[in-house]
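Asker: Here is my input, please return the structure:
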Amino acid sequence: MLAVFIAAFASLAAAGNTTGPNVGQVAPDFTLTDLASKKAVSLTQLRKKGYVLALFWSTRCHVCHAMLPAFKKTHKQYKDKNFTLAAINIGYENREQVEDYILQHDVDYLVLNDDSKKARLAQQYALKGTPTIKLIAPSGRIVWSGHRLPDLARWIK
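Answerer: Numbers count the residues shown, from 1 in each chain. Purely as a prediction, here's the structure:
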């Protein structure tokens, strides 16, 4: 069964199909907890710093786990260039499990989680699977949407 799900999701990703608000539309705002600082962070706040790569993920997502080195590399490459990589956990795991995962895997970029808001956020973005990635411009408009990392050099200088 898992193999069927992975194959179906992989074909969806390869086809470039996306879910939820798409390119050209305004990304729904949210406020979630930064697991490192324990402070509330909103999408509006993040956009004031520049582009936001909203990475919707789960600790149980094998594709997300496999992409972890690429996420780290992207964060390191662009963190000082008006850009934020925001990993937004929408999985069934709870905050403690997410915190354990980010410590175990030395995740050094922004990780947002709020157990009470996951279902609503997944509904707002009409998420069908993980990873789902949205590149959000400072204006709030989504400029890229998909299931892999975009070529950020196109937007971020």
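Asker: Buried residues in the longest helix anywhere in the chain, which are they?
Answerer: Counting by DSSP state H, the longest helix found in the chain is helix 62-78. For helix 62-78, burial by neighbour count (16 or more other C-beta atoms under 10 Å) applies to 63, 64, 67, 71, 72, 74, 75, 78. In short, each C-beta sits where N, CA and C put it, glycine included.
Asker: Please report how far the second one lies from residue 50.
Answerer: Read that as residue 64. Counting by C-beta to C-beta, to the nearest Å, the separation of residue 64 from residue 50 is 24 Å.
Asker: same thing with the third one?
Answerer: For residue 67, the distance to residue 50 (C-beta to C-beta) stands at 22 Å.
Asker: Also the fourth one?
Answerer: Shown here: residue 71 relative to residue 50, a distance of 17 Å by C-beta to C-beta.
Asker: before we move on, the earlier item: avg pLDDT for whichever helix or strand comes after the longest helix of the chain?
Answerer: Remark: after helix 62-78, the chain's next helix or strand is strand 83-89, criterion DSSP states H and E. With pLDDT averaged residue by residue, strand 83-89 scores 98.
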